[in-house]
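Novice: quick one: sequence and predicted model below, then my questions.
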Amino acid sequence: MSGSITAAALFVGSVVVLGTAAYAGVKAAPWLPVFKKDIKRIIQLADIHDSDVVYDLGSGDGRVLIGMAHNSTATFCGYEVSFLPYLWSRLNILLLGLSRQVEIRFADFYQRDLGQATVIFCFLTPKAMAKLGPKFKRELKPGTKVISYSFAIPEWVPTTVNKPSDQRIPIYMYEVS
């Protein structure tokens, strides 16, 4: 009996881990971390102030939020639907003593109101960026900064494109009007 319970638990655990990873990959993007060397460029573009509310859509292992939180007392919130990156980021945030400042939600950002954000960061597929463009227009306040790593928001004009000649990946910054 004990063996069948263990097997069932392993099966359910595998379904949760693999299922949420597949769901994230189809819905917005597979987990692919931002290069550590690019986090500094993201932080510079974000120009976060202490009163900012920063959202990371598809926050993965939390490395961007953690990098930003080390330089600010702003409020940070990540959304992640893939279980392992969610769990890893929660653990990292707890171990780094950032849990009062950084929150990770196991939730689908498409189903959440993003209107409280003053800065949004995302590293998602072109399909996801196309879907988010109208959501951003509906929900975000004027002046909200949207920073997208690697992929542009279709039909939006960036205020800045950060792509130094020695870098392969562009970072797009938009300001909602």
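Specialist: Good, I have the coordinates.
Novice: please make it C-alpha for all contacts and neighbour counts, starting now.
Specialist: Will do.
Novice: and the strands in the protein?
Specialist: Ranges of strands in the chain, per DSSP state E, are 53-57, 75-80, 102-106, 119-122, 145-149, 160-162, 171-175.
Novice: need those in JSON lines with distance to R112 and mean neighbour count, can you?
Specialist: Below are the strands of the chain laid out as JSON lines (distance: least, CA to CA, whole Å; neighbours: other CA atoms under 10 Å):
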{"stretch": "strand 53-57", "distance to R112": "11", "mean neighbour count": "24"}
{"stretch": "strand 75-80", "distance to R112": "9", "mean neighbour count": "24"}
{"stretch": "strand 102-106", "distance to R112": "11", "mean neighbour count": "20"}
{"stretch": "strand 119-122", "distance to R112": "13", "mean neighbour count": "23"}
{"stretch": "strand 145-149", "distance to R112": "16", "mean neighbour count": "24"}
{"stretch": "strand 160-162", "distance to R112": "27", "mean neighbour count": "15"}
{"stretch": "strand 171-175", "distance to R112": "20", "mean neighbour count": "22"}
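Novice: quick one, which of these gets closest to S89.
Specialist: Of all the strands of the chain, strand 102-106 sits nearest to S89, with 7.4 Å by CA to CA.
Novice: how long is stretch 165-177 end to end?
Specialist: 29 Å (CA to CA, to the nearest Å).
Novice: correction: the previous question concerned stretch 163-177.
Specialist: 23 Å.
Novice: quick one: mean pLDDT over it.
Specialist: The average pLDDT for stretch 163-177 rounds to 92.
Novice: can you check stretch 74-87 too?
Specialist: Within the predicted structure, the mean pLDDT of stretch 74-87 is 95.
Novice: could the strands of the chain be laid out in TSV, adding distance to Y86?
Specialist: Output for the strands of the chain, formatted as TSV (distance: least, CA to CA, whole Å):
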stretch	distance to Y86
strand 53-57	12
strand 75-80	6
strand 102-106	7
strand 119-122	15
strand 145-149	19
strand 160-162	28
strand 171-175	24
